[in-house]
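[1] Next comes the sequence, and after it the predicted model I'd like to discuss.
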Amino acid sequence: MLSVCFASATDAYAVSEPGVLRASHDGGRRFTVLRAPAGVPLSVWNADDDTFLRTTAGTFRLTAGVFVPDASAPSPSAWLAVPRSIDQGLLDAAASLPVPLHPQRAAALPGGRIALIRDGALQIVDARTGRALSRDTLPGDDCTLHPAHRGLRAVCRHQAWATLVASRDADRPGWTILRDEARAEPAGAATFDDASAAWAVQAPCSQRPEIDPRDVCLYDDRGVAHELRLPSPATIAAVHGGVALAIESDRADRAPRAWLLHDGTVTPLRLPDDLRSPVSASWSRDGLSLVHATPGAPLALSVTPAPAGAPPAWRRVAVPAHLTRALLAPDGSALFFGDDARSLARSRRGDSLSTPPSPVIGAAAALPLDPSAPSYCVGPWCRLGGALTLAPATPAALAIARPDALPPIAPTRSPQRAIRCEHGAVTRAPEIDRGAAVSGHAVSWSLEGSMLSVNWSGETSQGAVARAVTVRPGARPSGRGVQGTRSPAGLIELCAPTGCDHLLALPSGYTALGLGRARPGGVEVQQRPRGYVARADDARDGVTLVTVVALDPAGVITARRTFALAAANDEAHLGSWSGRDGLWIDDREGRARFLALDPADTGGEALVTVPGPDASHAGCA
C-alpha cells in the first residue's frame, strides 16, 4: 500500500503497488480497481476538505466522484506514506472487521449489526463494514454485553459494588433496569433467551439470609419472576422459548442430570447415557446442541430437534481425536479445531463434520491456535485460539491470519519454473563501458549536428550505425554497451539543460525509449532471449518509480510499464519468471515477489512469491 485516504465516511481511495488506484464505497471494507484518469497513480491525500490524486501525468481533484485535472492543487505535504513495517498490518485490518479481544464486549443485533463497548460507551456498527451507526451510554461500569430477543442485555456494576441487569431495544436508545443487587435482588450468573424476553439468573428472586446454590429465578416473557429450586446444584446452560436448561456440573463418574425449567415447574431431561462433563449447550429454533466428552473421546456432539419430547431423540456426531476444542456458534453450527489452523471442521444443525476451505494463505500448520486464548463468536464473526478470525466472506476466504503469525515459508510451488534476476539499482556512472566489461566489445559514439554515429569494435562483435536523430539544443551524448549481450547493442543518452533522451542503438538503427527523464543516469538496458529490456529509475512524492520497456531483437518496442513501488530502487531487480519479463521485489521476511511487465502474464495483478534469496536467484541478494 502506497497511500490511502477517506473522501467521506464511506468513500475511501488508495494507491497500491505497482501503481494501482483503488476505491471503496463501504467504509474501506472492500476495494475495487479504479482506472486512473491518466498516468501511473502515485498518491492520494486530503487537503482543504478535498481529495487529490497525483499520477505521473499530473494532479487531479475529486469532483462529484470523478478525478478531474487541477493544476492549482496544493502540495501533498499532508500525505504520509505507509511504512513498510506496518503495511501488511494495515492490509489485514482493511480486509476484516476486528473482533474485540474480550468476548463479552460485543454482541450481535438484528439487521446485521454489532454492539460494541468502545471508549466507555456503547457503539452500534455494521457487522460487515464496521461503519458506526449510532452511539449510546452504558447503564453502569465494567459492563458485559449479551445478545437477547429483539435487543441487548448488559450486566454492569454500579455504586462501586452492586450488579445490575439492564435491557435495551435494538432500535431505540435508553436502558431499562431488569434486576439490581442494590434493590435486594441477589446477583448471579445470568442467561438470556434468543427467542423471547425470558431469562434466568442463578440466585433466588429476592434477598435471603442464606443463599442455596440450587435456587434459580426464571423470568418469563412477560417479566414475571418464578423462583425455582433444582434437585441438585446445576448450571443454567441455555434458555430458549421461555424454557431454561439446567445441567449438573463436575460429574465425571456418570452422565450429569438435566432439567427443563418453565414457569413454576422443573422437568427432568434425559441426556445421552455416555455423555460426560464438561458440557456446553446451544439452543436455537433448529434444536438443542450439546458439545461434551464421552468415556472414549474428549469431544462429541449430540443434537436433538425437540428436547421437550418424551423421550428426546438424540443424534450423535463423531469428532476425530485431533480436534480437541469446540465452539458453538449463534447460527446453531458447531466449530471444532485443534492445535493449529490446519485442523478445522464444522457441523451445521447436527450434520456430519465437513472441512471448510483452508482459512490461511500459506501453511496453515504454521499458525498455532493458543489453547489459553478465548474462542468465541460475535454475530457472524468467530475468533479461534486468539489467531484466526472467521469472517462472513466468500467460502474461499473464510478467515484471515493475524500479521504476526504468517507462515515462515512460502507454499510449495510448481518445480517447472525458471528464475532470472539481475542486480538491483541501475548503473549510476554512464561513462562506464559495461559492454566491454560484460561481453568483450567496446562502444564509441559521436554527435555532429543531428547525425549520431555509434561503432562497436570489440573482439566478439563489430558493427556501426549512423542516422539523423532529433536532438535537443545543447545536448551532449554519452553511451555504454548493453549488459549481457553478445551482439552489437548500446544505450545512448542525449542530455541537455531541458532534459534527456535515451536511444537503443543497434546496427539496424536507433529506437527512442521515451523515458522522459530530466537528469542524466538512472537508465540501463539488458539483453533477453526475446530481445532487450530497458529500465529507468526515478522517485516522486516519496514513491519509487521503475519504468521498464521491452523491445524485440530488431529494436521494436513491444511493452512498456511504469511500476510505483513502496520498496527502494535497489530492492527492485530486472528479471524473469518462466520466460516472462518483469521485476523481482525484495519482500519482507526474506522473500521475493514478481511483478510481470505484462500483467496478463500473471492473471492481472497476481503476484508470484518465492523464498529468497537462494541458489536459483542469488542475484537478488
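    That came through, no problem.

[2] which stretches of the stretch 201-350 of the chain form strands?
    For the stretch 201-350 of the chain, applying DSSP state E, counting those that start in this stretch gives strands covering 215-219, 225-229, 235-240, 243-247, 258-262, 265-269, 276-284, 287-294, 297-304, 315-318, 325-328, 333-337, 344-348.

[3] what does the stretch 51-200 of the chain give?
    Taking DSSP E, counting those that start in this stretch as the criterion, the stretch 51-200 of the chain carries its strands at 58-63, 66-69, 106-109, 113-118, 121-126, 132-136, 141-148, 151-158, 162-169, 176-180, 190-192, 199-201.

[4] circling back: so which of the strands of the stretch 201-350 of the chain is the most surrounded?
    strand 243-247 (a mean of 25; mean count of other Cβ atoms under 10 Å). Using the backbone N, CA and C atoms, a C-beta is placed for each residue, glycine as well.

[5] tell me the mean pLDDT over stretch 142-149?
    When pLDDT is averaged along stretch 142-149, the result is 91.

[6] before we move on, what about stretch 302-311?
    On average, stretch 302-311 scores 83.

[7] Quick one: end-to-end distance for that stretch.
    Using Cα to Cα, to the nearest Å, the end-to-end distance of stretch 302-311 comes to 14 Å.

[8] List of residues touching it?
    243, 245, 260, 267, 269-272, 275, 283, 286-290, 292, 312-317, 349-350 (Cβ atoms under 8 Å, 6 or more residues apart in numbering).

[9] Identify each buried residue in that stretch, please.
    S302, V303, T304, P307 (16 or more other Cβ atoms under 10 Å).

[10] Switch the strands of the stretch 51-200 of the chain over to a markdown table; also include mean neighbour count and distance to L327.
    Below are those laid out as a markdown table (neighbours: other Cβ atoms under 10 Å; distance: least, Cβ to Cβ, whole Å):
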| stretch | mean neighbour count | distance to L327 |
| --- | --- | --- |
| strand 58-63 | 18 | 44 |
| strand 66-69 | 14 | 46 |
| strand 106-109 | 23 | 15 |
| strand 113-118 | 20 | 18 |
| strand 121-126 | 18 | 22 |
| strand 132-136 | 14 | 27 |
| strand 141-148 | 18 | 16 |
| strand 151-158 | 20 | 21 |
| strand 162-169 | 20 | 25 |
| strand 176-180 | 18 | 28 |
| strand 190-192 | 24 | 17 |
| strand 199-201 | 26 | 22 |
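
[11] now those strands as a markdown table including distance to Q207?
    Shown next, in a markdown table, are these (distance: least, Cβ to Cβ, whole Å):
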| stretch | distance to Q207 |
| --- | --- |
| strand 58-63 | 63 |
| strand 66-69 | 68 |
| strand 106-109 | 29 |
| strand 113-118 | 29 |
| strand 121-126 | 29 |
| strand 132-136 | 31 |
| strand 141-148 | 22 |
| strand 151-158 | 17 |
| strand 162-169 | 12 |
| strand 176-180 | 11 |
| strand 190-192 | 17 |
| strand 199-201 | 13 |
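
[12] Go through those strands and name the closest to V443.
    Set against V443 and scored by Cβ to Cβ, the strands of the stretch 51-200 of the chain come closest in strand 58-63, at 37.0 Å.

[13] one step back: ok, which of the strands of the stretch 51-200 of the chain comes nearest H573?
    strand 58-63 (29.7 Å).

[14] Neighbouring strands - and their directions - for the closest one?
    strand 50-55 (antiparallel), strand 66-69 (antiparallel) (DSSP bridges).

[15] And the ones you listed: which comes nearest A154?
    strand 50-55 (39.3 Å).

[16] contact partners of that closest one?
    Here strand 50-55 makes contact (Cβ under 8 Å, 6+ apart) with 5, 7, 13, 15, 21, 36-46, 59-62, 67, 70, 73-74, 76, 540-541.

[17] ok, now stretch 204-213?
    So stretch 204-213 is in contact with A184, E185, P186, Q202, A203, D215, C217, A225, H226, E227, R229, P233, going by Cβ under 8 Å, 6+ apart.

[18] quick one: which of the strands paired with strand 58-63 has the weakest pLDDT on average?
    Among the strands paired with strand 58-63, strand 50-55 carries the lowest mean pLDDT, a mean of 86.

[19] quick one: L122 and A107, what's the gap?
    Look at L122 and A107: by Cβ to Cβ, to the nearest Å, they are 10 Å apart.

[20] Also H573?
    51 Å.

[21] what do you get for H226?
    26 Å.

[22] same question, R254
    From R254 to A107 the distance is 36 Å (Cβ to Cβ).

[23] same check, this time on G449
    81 Å.

[24] now do Y532
    63 Å.

[25] in the protein, what secondary structure element scores lowest on mean pLDDT?
    For the chain, counting by mean pLDDT, DSSP states H and E, helix 84-95 ranks last in confidence among helices and strands (a mean of 36).

[26] returning to that earlier point: anything in contact with each of L122 and A107?
    Listed as contacting both L122 and A107 by Cβ under 8 Å, 6+ apart are A115, L145.

[27] How about stretch 499-514, which residues are buried there?
    Buried, per 16+ other Cβ under 10 Å, within stretch 499-514: C500, D501, H502, L503, L504, A505, L506, Y510, T511, L513.

[28] pLDDT averaged over that stretch - what is it?
    91.

[29] Dump that stretch to CSV, keeping only the CA atoms.
    Extracted as CSV, the C-alpha positions of stretch 499-514 are listed here (Å, rounded to 0.1, in the frame of the first residue of the first chain):
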residue,chain,number,x,y,z
GLY,A,499,16.1,17.1,-20.2
CYS,A,500,17.4,13.8,-21.6
ASP,A,501,16.5,11.4,-24.4
HIS,A,502,17.6,7.8,-24.5
LEU,A,503,18.1,5.6,-27.6
LEU,A,504,18.7,1.9,-28.0
ALA,A,505,21.4,1.7,-30.7
LEU,A,506,21.6,-1.4,-33.0
PRO,A,507,23.4,-1.8,-36.4
SER,A,508,20.0,-1.5,-38.0
GLY,A,509,19.2,1.9,-36.4
TYR,A,510,18.0,3.7,-33.3
THR,A,511,14.9,3.3,-31.1
ALA,A,512,13.8,6.2,-28.9
LEU,A,513,12.9,4.7,-25.5
GLY,A,514,10.7,7.7,-24.5
